[in-house]
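Undergrad: Return a 3D structure for these sequence lines:
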Amino acid sequence: MTDKVLFITDAYKDLNIKKDTSILMIEEAISLGFKSFQCEINDLYIDEGIVYAASREIFSAGSSQVEGISKQEIRLSDFKFSFMRKDPPVNESYINSLHLLGLAEKQGAVVFNKPRSIKEFNEKIFALHFKEFTPKTLVTSNINKIENFFELHKTIIIKPLDGMGGASIYKIDELNEENKDLLIKMTNSQQTHIICQEFIEDIYDGDFRILIIHGKPFHKTLARIPQGDSFKGNLAAGGRGEARDISDYQKIIAEKVGEYLMKKHINFAGIDVIGKYLTEINITSPTCAREIFDQTGLNPIKEYFKGL
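TA: Below is the predicted model:
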C-alpha cells in the first residue's frame, strides 16, 4: 500500500505555485511515491474522539485546479506524516487546530513541526532565547517605554508579534505626531504587545534566511535584499532574493539554534539573520526553499525528506 502524507496549508488557490515552499514539499512527496493530500485547518475535526482531515488528494502540485477534487475523510493517524504548513497569524483558529493535532499525535499521528512547540514559541520572541545573538530588543505595550527605547537607539523597527512577510513593520527615526499615532494603533492603545528592535544598517546587504533541517543549517542561504528606498528585505514586501553560501558566523548561530530546535522536535525551521544578529526563528511555515533551489539547483526539501 502506498504511504499517504498530509499537508495542512492555506487555501490551495492562494499558494504561489512557482514560489511556495509547501508546493515544493508536495512535489517532492509525490516524486517519492507518496499519495499526497492537502487540507486547511478548518478541514480538521474530531468525531467520536478521533481526529480526521477532510482532505483532497493532489496528483500534480503544479496545478492550482484542486477545488473540484472530492474530499476524503481520513484519520490523521492513517497518514505516515502530517505537515503543518499554515501561515501565521497564530490566532485562535490556529491554536485550536494545534490542539486537534496534539490529540491526533496521541492517536498515532506523526506531525511536523510538533504542535506543542508551535504553541510554545512565538516566532518573534523565540529568537530572544539566544540573547547573545539578538539585537537590542524591547517587547511591550507601554508607549512610554517604547519612546524611551527610541531615545536610546535613535532609529528603531517596530512590528507586531503575529505578523509575517514584512507586513506592518515600520521604521521610526523621529517621534513626530504621525509616529506617535502609529504607536497607539500598533499597541491597540497600550493593550497589545509589540516588538521593538534597534535598526540594523546591515539590512541593506540582506536579511538572510537560513533553513535549519533536522537541526543542521543548509549550506545555501537566501539574502533578501531591500529594493529602492525600502528597508524591508522580505520577498513578500518587494525584496530581491539572492542565494549565497552560508558564512562561518551564520553557521555558528544556526548550529546553536538547530541543537535547541531538535530538542523541541522542530525539524524544519528558517532563521533570519541581519549582519551579526538573529532576528527571528520561523517554525510555522518557513519559506525560501524554492528560491534557493531555483538559483542553485540544490533542493533543501530533498534533504528534508531524506531525514524523515
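Undergrad: Just list what the helix or strand hosting Leu24 packs against, helices and strands only.
TA: Using DSSP states H and E, Leu24 falls within helix 21-31. For helix 21-31, the packing partners by 3 or more Cβ pairs under 8 Å, 6 or more residues apart in numbering; DSSP states H and E come out as strand 4-8, strand 35-39, helix 289-296, helix 300-306. C-betas here are computed from N, CA, C, even on glycine.
Undergrad: Ok, which of the ones you listed comes nearest Phe59?
TA: strand 35-39 (8.3 Å; Cβ to Cβ).
Undergrad: Show the average pLDDT along the helix holding Leu24.
TA: Averaged across helix 21-31, pLDDT comes to 96.
Undergrad: now the closest residue to Glu28 other than its chain neighbours: how far from Ile213?
TA: Excluding the flanking residues, the one nearest Glu28 by Cβ to Cβ, 6 or more residues apart in numbering is Ile301, at 4.8 Å. Per Cβ to Cβ, to the nearest Å, Ile301 is found 9 Å from Ile213.
Undergrad: got the contact list for Lys86?
TA: 8-10, 40-41, 94, 97, 284-285 (Cβ atoms under 8 Å, 6 or more residues apart in numbering).
Undergrad: from those residues, which two are the most distant?
TA: Taking Cβ to Cβ, the two most distant members of the contacts of Lys86 are Glu40 and Thr284; they sit 14.3 Å apart.
Undergrad: if I pick the residue nearest to Glu28, what's in contact with it?
TA: Counting by Cβ under 8 Å, 6+ apart, Ile301 makes contact with 21, 24-25, 27-28, 289, 293.
Undergrad: about what we covered before: among the helices and strands packed on helix 21-31, single out whichever gets nearest to Ala254.
TA: Judging the helices and strands packed on helix 21-31 by Cβ to Cβ, what sits closest to Ala254 is helix 300-306, at 12.8 Å.
Undergrad: Quick one: distance of the longest strand along the chain to the chain centre.
TA: Secondary structure assigned by DSSP state E gives strand 50-58 as the longest strand of the chain. Offset of strand 50-58 from its chain centre (Cα atoms, centre = their mean, to the nearest Å): 23 Å.
Undergrad: Over to stretch 109-120?
TA: 13 Å.
Undergrad: Report the mean confidence score over that stretch.
TA: On average, stretch 109-120 scores 97.
Undergrad: circling back: give me the next element, helix or strand, following the longest strand of the chain.
TA: Next along from strand 50-58, by DSSP H and E: strand 72-75.
Undergrad: Partner strands of that next one and their direction?
TA: Sheet pairing of strand 72-75 (DSSP bridges) gives strand 50-58 (antiparallel).
Undergrad: Identify each buried residue in the partner strand, please.
TA: For strand 50-58, burial by neighbour count (16 or more other Cβ atoms under 10 Å) applies to 51-56, 58.
Undergrad: Distance to Lys256 and pLDDT for those residues - can I get that in a markdown table?
TA: Putting those into a markdown table (distance: Cβ to Cβ, whole Å; pLDDT from 0 to 100) gives the following:
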| residue | distance to Lys256 | pLDDT |
| --- | --- | --- |
| Val51 | 35 | 98 |
| Tyr52 | 39 | 98 |
| Ala53 | 35 | 98 |
| Ala54 | 41 | 98 |
| Ser55 | 37 | 97 |
| Arg56 | 40 | 95 |
| Ile58 | 36 | 94 |
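Undergrad: okay if I get those residues as TSV plus distance to Gln197?
TA: Shown next, in TSV, are these (distance: Cβ to Cβ, whole Å):
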residue	distance to Gln197
Val51	39
Tyr52	42
Ala53	38
Ala54	41
Ser55	39
Arg56	41
Ile58	39
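Undergrad: ok, so of those residues, who is nearest Ala236?
TA: Set against Ala236, the nearest of the buried residues of strand 50-58 by Cβ to Cβ is Ile58 (23.5 Å).
Undergrad: Tell me if I'm right that the closest one and Phe37 touch.
TA: Yes. With contact defined as Cβ atoms under 8 Å, Ile58 counts as touching Phe37 (6.8 Å).
Undergrad: Find residues that contact each of those two.
TA: Joint contacts of Ile58 and Phe37 (Cβ under 8 Å, 6+ apart) are Phe7.
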